[in-house]
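Visitor: predicted model, plus sequence, below.
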Amino acid sequence: MDGVVDHLADERNKAQFDVEEMKIVWAGSRHVFELSDRIARLVASDPVFRKDNRATLSRKDLFKNTLRKAAHAWKRIIELRLSEEEASKLRFYVDEAAFTDLHWGMFVPAIKGQATEEQQQKWLPLAYKMQIIGCYAQTELGHGSNVQGLETTATFDPQTDEFDIHSPTLTSSKWWPGGLGKVSTHAVVYARLITDGQEHGVHGFIVQLRSLDDHLPLPGITIGDIGMKFGNGAYNTMDNGVTRNGKCVRSNVPRQLIYGTMVFVRQTIVSDASCALSRAVCIATRYSAVRRQFGSQNGGVETQVIDYKTQQNRLFPLLAAAYAFRFVGEWLKWLYTDVTQRLQANDFSTLPEAHACTAGLKSLTTTFTADAIEECRKLCGGHGYLCSSGLPELFAVYVPACTYEGDNVVLLLQVARFLMKTVSQLGSEKKPVGTTAYMGRVEHLMQCRCSVQKAEDWLNPNTILEAFEARTARMSVAVAQKLAQFANPEEGFLELSPNLVEASVAHCQLIVVSKFIEKLQQDIPGKGVKELLGMLCNIYALNILHKHLGDFLSTGSITPKQGSLANDQLRSLYSQVRPNAIALVDAFNYTDHYLGSVLGRYDGNVYPKLYEEAWKDPLNDSVVPDGYHEYIRPLLKNQLRNARL
Ligand SMILES: CCCCCCCCCCCCCCC/C=C/C(=O)SCCNC(=O)CCNC(=O)[C@H](O)C(C)(C)COP(=O)(O)OP(=O)(O)OC[C@H]1O[C@@H](n2cnc3c(N)ncnc32)[C@H](O)[C@@H]1OP(=O)(O)O
Ligand SMILES: Cc1cc2nc3c(=O)[nH]c(=O)nc-3n(C[C@H](O)[C@H](O)[C@H](O)COP(=O)(O)OP(=O)(O)OC[C@H]3O[C@@H](n4cnc5c(N)ncnc54)[C@H](O)[C@@H]3O)c2cc1C
C-alpha cells in the first residue's frame, strides 16, 4: 500500500483482534499461509495471468487465452521447480476454470484411487509430466445422477485382450466431461463391464481419445464441445465435451473404489465453497464500508451502508458461514484421509459415513454459497451487477457446483438413507458413532427442554448444540415413523422425500455447527482471535435457527419466546462484529488480482477505478457507435418515414 491512500484505513484501525494471527487460522497453518501468500503475489504480478478482459472476449479467444495461461502456468511450475502443493496453489490463484482442473482434480485422483499398482506405474508418470492430459468421463446425455443407468458398454474381447467401449445410442454419448471437448488426450471412461456375455456393473476404463502426434481423435471416436454455457466468460473457459464410441485400452478396478474418487472430489468442493464464499463476502463487506447512502445531518457525511442493521443481517451471517465452511472443510479433509487409509487396508466400515458427510456437506455448502454470491451482488446495489464487481462471473462459475459431482437434492437423499438406517438401528447392538453419535442419546433428545431464559443464554455452545441435536433427532425420528407406515419402503421414501431432504439439511447444519464449536475448543493464539471466532460461530448457528425457526418450533426443540431471544442475541452480535468486519475479510489475505473486483479493492478506492474501468469497454472504443449510420441516423432524421410519403 506504499504511496496509495487507504480509504479503509479507519475501518482497519477499529479491529479488536490480531489480523495477522487470524490469517494463520484461516490458512490452516503458518506454512500454508506463507506459501499461499508467496504464490498469490507471484500470479498477481504476472501479466499473462491478467483476467480483467474475460467478459468481453469471444468464446474462441477466451478459450485460446485459457490454453495460453495453462501452458504458461505449467512453464512457471517447471522453471521454479514448484512442489505439488505450490503448483496447486498457483492453479488456484490463476483462477480460471480449465482442463487442468479435471486433469489434476479428477483424472489423476481417479487413477490413484481406482487403478491397480501396474496401471498406476504406467499412467501416473505420464499424467504428472502432462505428457498425457486426462478427463473424467462419467456423465452421458441421458444419465448423470443415475450412475447405474449409464448405457456405455465395455465388452472384453479375449481374442485381442482388449475392451471394446461402445456407445450404442445417442443418449449414451458422454456429455459434460470437462476438458473432453478440445484438449484431453485420455479419459477415465465409465462403462458397464461385459465379459462372456455377462454384465458386471459400471467400472472405470482408461481410454486414449486423441493421437499424441496430431491431436486428432482416434478412429471410431467422435468428439466436440457441447456449446456455450451460462454467463459470458465464466465457465466458458472450459471445454465440456461430447464423445461417442471408442476402442479401448485395458483396465479393471475393485468395485467399491469407484466411490472413493467421488468422496475425494466432494470433499475438495466443500473446501472450495469457503473460498468462493469468502471472496464474495470480502467484496460485499469492503464495498458496504465504502458506500454511503442517506442519513447526512446538516451536510455531514452520509451513513456507510454497512451500518444499516438490515445490511448486517444479510451480510454477517455470510461472513460467519465463510469461516464455518472453512473449518468443516478442514475436518472433512481429515475424515477423507482417515477413510482412505482404511480403504487401502480393505476396511470399508467408515465409507458409508464418509459418503454421507461428503455428499451432505457438498450439497449444503454449495447451495448456500451459490445463494450467498447472489446475495452479495444485491448487497452491492446496482454496481454489483457490473462485471467489474467480479460478482456476476463468480456466480456464473460457481453455481454449477450445485449440480456437478452430484445434484444437491440427489445427494441429500443419500444422506437421508444413511440417517434412516441409523434411526432403524437404534436400540440394536450397532451404536451410532461419529457424526451420528448424538442419536445415541435419542431418548433424552426427544424430550429435553431448551433452558434459555434470556438472550445471553444463547451464547452457551452446549445450549446451541442441544437445540440443533434435538431438532435433527426429532425430525429424523418423525419421518422414520411415517416411513414405517408404508408397506413398501421404497414407495414411502419417494413419497416422503421432501421431509427426508429437510431432515438431511438439519443433520448437515448440525455437523457444521458442531465442528465450529470443536474448533473453538482448540488452542487459538492471538489477541481477540478466539473471541471473534466465537462470535462468528454464534452468528452462524443463531442465524440458521432464525431462518429455520419452523423446524425448531414444530419439533418443540425451542419455544417461540426462545426463538425471539435468539434473534435479540443475533442483533447484539452484529454490533460486536461490526468494527471488526473489514479486518475479518482482510484475514482471507486475497490479492486484488484474485478478487478481480473493483468494488472489493483492498484500498477501497472504488469510484475512480469504476470510472476508469468503464472506459475500457470495447463499446467505448469509438465515440459514435458502429451502426449509427445504418440505424440511428435514419431514425433521427425520420428518413424512413419520409421515404414512405
Ligand atoms: C471467477 C472465476 C473463478 C474460476 C474458478 C475456477 C475453479 C473452478 C474449478 C471447477 C472445477 C470443477 C470440476 C467439476 C467437475 C465435475 C465432475 C463431475 O460432475 S463427474 C460426475 C459426477 N457424478 C455424480 O456425482 C453422479 C451422482 N450420482 C451418484 O453419485 C450415485 O449414483 C448415487 C449417490 C446417486 C447413488 O445411486 P444409487 O444407484 O442409488 O446407488 P448405487 O447402486 O450406486 O450405490 C448403492 C450403495 O452405495 C452407496 N454409495 C453411493 N455412492 C457412494 C459413494 N460415493 N461413496 C460410498 N458409498 C456410496 C450408497 O449409499 C448405497 O449404499 P447402501 O449401503 O447399499 O445403502
Ligand atoms: C459445469 C459442469 C461440469 C461437469 N463436469 C463433468 C465432468 O467433468 N465429468 C462428468 O462425468 N460429468 C460432469 N458433469 C455432469 C454432472 O455430474 C451431472 O450433470 C450431475 O451429476 C447431475 O446429473 P444430471 O445432469 O443427470 O441431472 P438429473 O439427474 O437429470 O437432474 C435433473 C433434476 O432431477 C432431479 N432428480 C434426479 N434424480 C432424482 C431423484 N432420484 N429424486 C429426486 N429428484 C431427482 C434433480 O434434483 C434435478 O432437479 C458436469 C456438469 C456441469 C454442469
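Guide: Nice, I can see it. Ligands and ions are numbered 1, 2, ... in the order given.
Visitor: other SSEs contacting whichever strand or helix holds Leu553?
Guide: Assessed by DSSP states H and E, Leu553 sits inside helix 549-554. In terms of contacts (3 or more Cβ pairs under 8 Å, 6 or more residues apart in numbering; DSSP states H and E), helix 549-554 is packed against helix 461-484, helix 560-577. Where you see a C-beta, it was placed from the backbone N, CA and C, and this is true even at glycine.
Visitor: flag every buried residue along it.
Guide: For helix 549-554, the neighbour count (16 or more other Cβ atoms under 10 Å) marks Leu549, Asp551, Phe552 as buried.
Visitor: list the contacts of the second one.
Guide: Contacts here follow Cβ atoms under 8 Å, 6 or more residues apart in numbering; on that basis Asp551 touches Arg471, Met475, Glu502, Ala506, Ser557.
Visitor: check contacts around the first one.
Guide: Applying Cβ under 8 Å, 6+ apart, we find Arg471 in contact with Ala506, Leu510, His548, Asp551, Phe552, Thr555, Ser557.
Visitor: again, only using 7 Å
Guide: Arg471 sits next to Ala506, Asp551, Phe552, Thr555, Ser557 when contact means Cβ atoms under 7 Å, 6 or more residues apart in numbering.
Visitor: so the last one makes contact with Ala467?
Guide: This means Ser557. Yes - taking Cβ atoms under 7 Å as the contact criterion, Ser557 and Ala467 are neighbours in contact, 5.3 Å apart.
Visitor: show me where the stretch 301-450 of the chain has helices.
Guide: Under the criterion DSSP state H, counting those that start in this stretch, helices of the stretch 301-450 of the chain are mapped to 309-344, 351-379, 391-398, 408-424, 442-447.
Visitor: Three-state assignment for the closest residue to ligand 2 within the stretch 51-200 of the chain, please.
Guide: When Cβ to the nearest ligand atom is the measure, the stretch 51-200 of the chain has its nearest residue to ligand 2 at Gly144, with 2.3 Å between them. Of the three states, Gly144 takes coil according to DSSP: H, G, I helix; E, B strand; the rest coil.
Visitor: tell me the pLDDT of the nearest residue to Met475 once chain neighbours are set aside.
Guide: Of all residues beyond its chain neighbours, the one nearest Met475 is Ala503 (4.4 Å), with distances taken as Cβ to Cβ, 6 or more residues apart in numbering. Here, the pLDDT recorded for Ala503 equals 98.
Visitor: with Asp61 instead?
Guide: According to the prediction, Asp61 has pLDDT 93.
Visitor: which ones are touching it?
Guide: Listed by Cβ under 7 Å, 6+ apart, the contact set of Asp61 is empty.
Visitor: helix, strand or coil: sort out it for me.
Guide: Secondary structure, three-state DSSP: Asp61 is helix.
Visitor: thinking again about what came up before, of the helices and strands packed on helix 549-554, which is nearest ligand 2?
Guide: If you check each of those against ligand 2 by Cβ to the nearest ligand atom, helix 461-484 wins as the nearest, at 15.5 Å.
Visitor: from the chain's centre, how far out does that closest one sit?
Guide: Offset of helix 461-484 from its chain centre (Cα atoms, centre = their mean, to the nearest Å): 27 Å.
Visitor: returning to that earlier point: and the helices and strands packed on helix 549-554: which comes nearest ligand 1?
Guide: Go through the helices and strands packed on helix 549-554 one by one with Cβ to the nearest ligand atom and the one that ends up closest to ligand 1 is helix 461-484, at 14.6 Å.
Visitor: got the buried residues for that closest one?
Guide: Taking 16+ other Cβ under 10 Å as the neighbour-count basis, helix 461-484 is seen to contain the buried residues 461, 463-477, 479-480, 483.
Visitor: quick one: the residue in the stretch 501-645 of the chain positioned nearest to ligand 2 from Gln414, how far?
Guide: Of the stretch 501-645 of the chain, the residue with the smallest distance to ligand 2, taken as Cβ to the nearest ligand atom, is Val501 at 8.7 Å. Computed with Cβ to Cβ, to the nearest Å, the distance linking Val501 and Gln414 is 11 Å.
Visitor: now do Thr261
Guide: Thr261 is 16 Å from Gln414, where distance means Cβ to Cβ.
Visitor: is Val188 in a helix, a strand, or coil?
Guide: Going by three-state DSSP, the secondary structure assigned to Val188 is strand.
Visitor: er, Gly300 I mean
Guide: Gly300 falls in the coil class when you classify it by three-state DSSP.
Visitor: tell me where the chain has strands.
Guide: Counting by DSSP state E, the chain forms strands over residues 134-137, 153-157, 162-166, 174-178, 186-195, 198-208, 222-225, 240-244, 246-247, given from the N-terminal end onward.
Visitor: pick the most buried one from those.
Guide: Of all those, strand 134-137 has the most neighbours on average by mean count of other Cβ atoms under 10 Å, namely a mean of 30.
Visitor: which strands and helices sit next to it?
Guide: With contacts defined as 3 or more Cβ pairs under 7 Å, 6 or more residues apart in numbering; DSSP states H and E, the packing partners of strand 134-137 are helix 99-102, strand 174-178, strand 186-195.
Visitor: can I get those in a markdown table with mean pLDDT and distance to ligand 2?
Guide: Shown next, in a markdown table, are those (pLDDT from 0 to 100; distance: least, Cβ to the nearest ligand atom, whole Å):
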| stretch | mean pLDDT | distance to ligand 2 |
| --- | --- | --- |
| helix 99-102 | 96 | 5 |
| strand 174-178 | 96 | 4 |
| strand 186-195 | 94 | 7 |
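Visitor: which of these sits closest to Ser564?
Guide: Distances from Ser564 to each of the helices and strands packed on strand 134-137 were compared by Cβ to Cβ, and the smallest falls on helix 99-102, at 46.0 Å.
Visitor: how far does that closest one sit from the chain's center?
Guide: 16 Å.
Visitor: identify the residues contacting it?
Guide: For helix 99-102, using Cβ under 7 Å, 6+ apart, the contacting residues are Ala70, Arg91, Ile133, Cys135, Tyr136, Gly178, Gly179, Val183, Ser184, Asp239.
Visitor: which phi and psi does the last one have?
Guide: I take that to be Asp239. Backbone torsions for Asp239, taken as degrees, to the nearest 10, come to phi -90, psi 90.
Visitor: any idea how far the closest residue to it other than its chain neighbours is from Glu393?
Guide: Taking Cβ to Cβ, 6+ apart, and ignoring the residues beside it in sequence, Asp239 has Gly181 as its nearest neighbour in space, at 3.4 Å. Summarising the geometry, the distance separating Gly181 from Glu393, computed by Cβ to Cβ, is 21 Å.
Visitor: tell me which of the contacts of helix 99-102 is nearest to Asp347?
Guide: The nearest one, if we look at the contacts of helix 99-102 relative to Asp347 and count by Cβ to Cβ, is Tyr136, at 25.9 Å.
Visitor: the closest one touches Trp104, doesn't it?
Guide: No - taking contact to mean Cβ under 7 Å, the distance of 11.2 Å between Tyr136 and Trp104 leaves them out of contact.
Visitor: so which of the contacts of helix 99-102 wins on neighbours?
Guide: With neighbours set by other Cβ atoms under 10 Å, the maximum within the contacts of helix 99-102 is found at Cys135, which has 30 neighbours.
Visitor: so what's that residue up against?
Guide: Counting by Cβ under 7 Å, 6+ apart, Cys135 has contacts Phe99, Leu102, Phe107, Pro177, Gly178, Gly179, Leu180, Ser184, Ala187.
Visitor: mind listing what Ala480 touches?
Guide: The contact partners of Ala480, taken as Cβ under 7 Å, 6+ apart, are Met420, Val423, Ser424.
Visitor: that older thread, of all the contacts of Asp551, which two lie farthest apart?
Guide: Spanning the widest gap among the contacts of Asp551 are Glu502 and Ser557, at 13.8 Å by Cβ to Cβ.
Visitor: who's more crowded, the two?
Guide: Between Glu502 and Ser557, counting by other Cβ under 10 Å, Ser557 is the more crowded of the two (26 against 18).
Visitor: how close does the more buried one sit to ligand 1?
Guide: Computed as Cβ to the nearest ligand atom, to the nearest Å, the Ser557 to ligand 1 distance reads 28 Å.
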